[in-house]
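[1] just to be clear, the model below is a prediction. Sequence and coordinates:
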Amino acid sequence: MCPSLVLPAPEHETVMEVIVVADEAEVAGRAADVVDHLLRNDDRPVLGLCTGASPRATYAELARRHREEGLRFDRTHVFHLDEYVGFGPGHPRSYSREIDEQLVGRVDLDPEAVHLLDGCAHDLEEECRA
C-alpha cells in the first residue's frame with residue numbers, strides 16, 4: 001500500500017459543490033442560473049463552450065432567457081473547447097457549427113468575441129495555443 005498525504009486546500013481555492021438533481025431540465029436550469037449570474041454581474045464574462053448531448057438543454061435555456069428575459073451576451077467572450085481534426089468551421093459535423101446552431105447564433109454575441117478552433121489548421125498545436 002502506498003502512503004498518501006492529504007493537504008488542506010489553500011484559503012483562496014474553492015471546493016467544487018456536487019448537486020444532485022431530479023432530471024435534465026433541472027440540470028439545465030441550475031447551470032443556466034450560474035451562467036446568467038455571471039453575465040449579469042461581470043463586466044467582461046468569459047465562457048468555455050463544449051459540445052455533445054450534455055449541454056444542449058442548458059444552451060436552449062440560455063437562448064430562451066436571452067429571447068424572453070433579455071439576458072445579454074454582448075460583452076461575453078466565448079471559447080470553443082474542442083473540435084474534430086480535419087473539420088473546418090463550416091463542416092456540417094464540426095463542433096463549431098453545432099455550438100453556433102445551439103447557442104452562438106441564437107444570442108447577441110459579437111462575432112469577434114467568438115473564438116473557434118480550426119480543425120483544418122496547418123499547425124494544430126499552434127492553433128490550440130492561439
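    Arrived safely.
[2] so residue 39 is in contact with residue 69, correct?
    No: in this structure residue 39 lies outside contact range of residue 69 using CB atoms under 8 Å: 11.2 Å. C-betas here are computed from N, CA, C, even on glycine.
[3] tell me which of the two has more neighbours.
    Per other CB atoms under 10 Å, whichever of residue 39 and residue 69 has more neighbours is residue 39, with 20 against 9.
[4] gap between the closest residue to the more buried one other than its chain neighbours and residue 117?
    Nearest residue to residue 39, sequence neighbours excluded (CB to CB, 6 or more residues apart in numbering): residue 45, at 5.3 Å. As for residue 45, its distance to residue 117 is 20 Å (criterion: CB to CB, to the nearest Å).
[5] comparing the two, which residue is more hemmed in?
    Per other CB under 10 Å, whichever of residue 45 and residue 117 has more neighbours is residue 117, with 21 against 17.
[6] helix, strand or coil for the nearest residue to the more buried one once chain neighbours are set aside?
    Among residues not flanking residue 117 along the chain, residue 83 sits closest, at 4.0 Å (CB to CB, 6+ apart). Of the three states, residue 83 takes coil under DSSP: H, G, I helix; E, B strand; the rest coil.
[7] show the contacting residues for residue 83.
    94-96, 116-119 (CB atoms under 8 Å, 6 or more residues apart in numbering).
[8] okay if I get these as JSON lines plus distance to residue 52 and secondary structure?
    Putting these into JSON lines (distance: CB to CB, whole Å; DSSP: H, G, I helix; E, B strand; the rest coil) gives the following:
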{"residue": "94", "distance to residue 52": "13", "secondary structure": "coil"}
{"residue": "95", "distance to residue 52": "9", "secondary structure": "helix"}
{"residue": "96", "distance to residue 52": "14", "secondary structure": "helix"}
{"residue": "116", "distance to residue 52": "17", "secondary structure": "coil"}
{"residue": "117", "distance to residue 52": "15", "secondary structure": "coil"}
{"residue": "118", "distance to residue 52": "20", "secondary structure": "coil"}
{"residue": "119", "distance to residue 52": "16", "secondary structure": "coil"}
